[in-house]
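Chemist: Pasting the sequence and the predicted model now:
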Amino acid sequence: MKIAIGHGNKTSYISLEVKLLPTQWDAVRGKILNHPEKQVLNAYIYEVKQIVDAHIINLTREGRIKDMSANDIRDSILAELNPEKEEKVDESLFKVRFLKFIETKKASTKETYMHTLNRVKAYVGEAIETLRFEDITLDWLNSFNIFMAQTSPSVNARNLHFRNLRAVFNNAIENEVTSHYPFRKFKIKAVETAKRSLTVEELRRLFFFNCEEHAEKYVGMFKLSFFLMGVNMIDLANLKEMKNGRLDFNRAKTGHLYSMKVEPEAMELFNQYSGENYLLFILDHWTNDEFFRRKMNKELQKVGPMQRKPGRGGKKEYQPLFPMLTSYWARHSWATIASELDIANETIAEALGHEYGNRITNIYIRKNQKKVDIANRKVLDWVLYGKIDGKIVVKPGTPEFFGLDRKEAVALGLVKEEPGAEKKKRGRPRKNATPEVEAEVAA
């Protein structure tokens, strides 16, 4: 008897070291029958199967399984089933040390590093199994950069992989695995990224635009993220509890405790988009927050005037308000507007869950959320109602409120056309005007 491990188009087998006659195995029920030791053997098979299933689930959760062959999975399971037979691994191999380095990382960080390892594998192919630190030279790094540029033109995206590689090298040197270090002459220079924030007028256009019904929930989640000081979608999706009008949770990215007041505008959205097992509907309908976020970004980038092409069931044509918009812009936008309102940098940093200044000082700052609560209310009053310090600076519902002239605001449906404007356009008939003449041709 063997356990089959299928992955991709390949299958590997783990021997159970049990021999049976064909008549002693019930394939439908997956049990041994008509054998003098059937109870012991069935218990043994069940136990091994449980270990194999659990091991595969762990490999999947850690993101390692997608880079493994069926034989790799089999060997990994055998190492757990028979630890005394496990061969000592060679940590001077790049891949071995790389995987050991990320073992203790959080899931999100580990996923980023595995993406780097996949890029290296795409570059060197099967040679990754025997690649050593000494093989990665200055020329290798430059060539790897050229290779990645073919599919990743963003310098900063490539730099992320180089920073991950550098971290693994530093760890290997600290643990005396290697003394080789090609990064002394290979410089990682970041390129300033384009701003990912909307102005206050642009935010108002997005928030007050009458979008398609199916897109309302995605705009709603963008608004809610903004109303909660740019909270990330992973944290928003996993919220389970609200106490006394506040949300208290640990950020998925940093693990830091976060506390925020839920303003009435945000509470309205929580009520509108409530979930069954979570505060919001997201994880009731989506496998994880990432799938939802991708769909959300796709829909946000289409929000704007829409027309259908002529003909029955014509294709929709969009004129997006913000074609590059993503969920992360809510965070940048909140911080930018808060800064424009002269809110202190340390308060903005605290609102975003960032460290600011001395780490010990931050511990005391976090004990008082009042400044953050006041800052958020100030941002919302300005964006939603045109108020600063309780006074209306720009009247809501006017073209100025949206940073547009009247014609543009009317075209987007943000402002109603002035009464009588249509009559003015058509004009009135002039007195003594020559009447229209109709002629007929008679036979």
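Modeler: Received it, and whenever you're ready, just let me know what you need.
Chemist: just checking, what's the longest helix in the chain?
Modeler: Under DSSP state H, the helix in the chain containing the largest number of residues is helix 38-61.
Chemist: What residues of it count as buried?
Modeler: Residues 41, 42, 45, 48, 52, 55, 56, 59 are the ones in helix 38-61 that count as buried (16 or more other CB atoms under 10 Å). Glycine gets a C-beta too; all of them are placed from N, C-alpha and C.
Chemist: cool, stretch 164-179 as well?
Modeler: 164, 165, 166, 168, 169, 172, 177, 178.
Chemist: so where is the stretch 51-200 of the chain shaky, pLDDT-wise?
Modeler: Where the stretch 51-200 of the chain drops to pLDDT under 70, the residues are 83-89, 190-195.
Chemist: what about the helices in it?
Modeler: For the stretch 51-200 of the chain, the helices defined by DSSP state H, counting those that start in this stretch cover 70-81, 94-101, 107-124, 138-149, 155-174, 200-208.
Chemist: And the stretch 251-400 of the chain, by the same measure?
Modeler: Under DSSP H, counting those that start in this stretch, the stretch 251-400 of the chain gives helices at 264-272, 282-285, 289-300, 329-340, 345-352, 359-365, 370-385.
Chemist: Pull the distance from the longest helix of the chain to the chain's centre.
Modeler: Here helix 38-61 is found 34 Å from its chain centre; the criterion is CA atoms, centre = their mean, to the nearest Å.
Chemist: and it, what does it pack onto?
Modeler: The contact analysis (3 or more CB pairs under 8 Å, 6 or more residues apart in numbering; DSSP states H and E) places helix 38-61 against strand 2-7, strand 31-32, helix 70-81.
Chemist: Pick out whichever of the buried residues of stretch 164-179 sits closest to residue 370.
Modeler: For those, the closest approach to residue 370 (CB to CB) belongs to residue 164, at 39.5 Å.
Chemist: The closest one and residue 111, how far apart?
Modeler: With distances taken as CB to CB, to the nearest Å, residue 164 is found 11 Å from residue 111.
Chemist: same deal with residue 198?
Modeler: Following CB to CB, the distance that separates residue 198 from residue 111 is 28 Å.
Chemist: Then residue 143?
Modeler: 26 Å.
Chemist: And for residue 296?
Modeler: 19 Å.
Chemist: These two: who's more crowded?
Modeler: residue 296 (25 against 14; other CB atoms under 10 Å).
Chemist: what residues are up against the more buried one?
Modeler: By CB atoms under 8 Å, 6 or more residues apart in numbering, the residues touching residue 296 are 218, 221, 222, 233, 327.
Chemist: Please report the distance of it from residue 210.
Modeler: In terms of CB to CB, residue 296 sits 19 Å off from residue 210.
Chemist: same check, this time on residue 53
Modeler: 51 Å.
Chemist: Could you do residue 92 as well?
Modeler: In this view, residue 92 and residue 210 are 63 Å apart by CB to CB.
Chemist: which one of the two has more residues nearby?
Modeler: Taking neighbours as other CB under 10 Å, residue 92 and residue 210 compare with residue 92 leading, 13 against 9.
Chemist: correct me, but the more buried one touches residue 178?
Modeler: Yes - counting by CB atoms under 8 Å, residue 178 is a contact partner of residue 92 at 6.7 Å.
Chemist: Can you pull the residues that touch both of the two?
Modeler: Common neighbours of residue 92 and residue 178, using CB under 8 Å, 6+ apart, are 132, 133.
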